[in-house]
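> Got a sequence here, can you model it:
(one chain, ligands or ions: 1)
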Amino acid sequence: MTEVNISCVIQVFDNLDELDPDVKDLMQNAIAARDMAYAPYSNFKVGAALLLDNGEVISGSNQENASYPSGLCAERTVIYYAGAKYPKSKFLRMAITAASKKGTTLEPIPPCGACRQAIVEYEIKQHKPIELYFMGASGKVMKSNSVANLLPLVFDKSVL
Ligand code: THU
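Now for the predicted structure:
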């Protein structure tokens, strides 16, 4: 038996103002999208904004449903729309923010496992990492240089 240690490196910024202005802009976009979330069941609003290599920014939010599993996370709302609308573009960077109803979500909220799997598909497709920045309602912002970094032992097309 061998034990393998898999680690990941992330960067942590104290607040929005520590980000490069263009990244801060993207996060502001995600915040605006978060406010438009349809989350009447969880009251947990998530916004995401994706920068494409054509300069376009696609933003979106979580969309819930009375049939709970039919709802969709913000990140997948955005990545699937971008994939459908701009199949030839590369996706450079995604900013994500989440806030509970009380708005006290101060810890950075990373994308769920299903969203990591969905986003990494495009990273593999485009042979280029997608940077991820994520935060809570405010406060610290975490950055991962790629989605694969947050998804060790990825399941991808190479095994099919
Ligand atoms: N949610 C997201 O939008 N993104 C995630 O990465 C995790 C969870 C949404 C789904 C649901 O509408 C609410 O947050 C509570 O789980």
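> the helices in the chain, which residues?
In the chain, the segments counted as helices under DSSP state H are 21-34, 74-85, 113-126.
> Any chance of JSON lines for the ones you listed, columns mean neighbour count?
In short, each C-beta sits where N, CA and C put it, glycine included. Below are the helices of the chain laid out as JSON lines (neighbours: other Cβ atoms under 10 Å):
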{"stretch": "helix 21-34", "mean neighbour count": "19"}
{"stretch": "helix 74-85", "mean neighbour count": "20"}
{"stretch": "helix 113-126", "mean neighbour count": "18"}
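> Could you report the pLDDT at residue 104?
Per-residue pLDDT puts residue 104 at 77.
> Identify whichever of the helices of the chain lies nearest to residue 132.
helix 113-126 (7.7 Å; Cβ to Cβ).
> quick one: the closest one to helix 74-85, angle?
Helix 113-126 runs at 30 degrees relative to helix 74-85, counting by axes from the mean of the first three to the mean of the last three Cα atoms, to 10 degrees.
> Residues in contact with helix 113-126: which ones?
Residues outside helix 113-126 that contact it (Cβ atoms under 8 Å, 6 or more residues apart in numbering): 73, 75-76, 79-80, 82-83, 90-91, 94, 111, 129-130, 132, 146-148, 150-151, 154-157.
> need the contact list for the residue lying closest to residue 66 once chain neighbours are set aside.
Of all residues not flanking residue 66 in the chain, residue 41 sits nearest, at 7.7 Å (Cβ to Cβ, 6 or more residues apart in numbering). Counting by Cβ under 8 Å, 6+ apart, residue 41 makes contact with 64, 66, 68, 71.
> No further questions, thank you.
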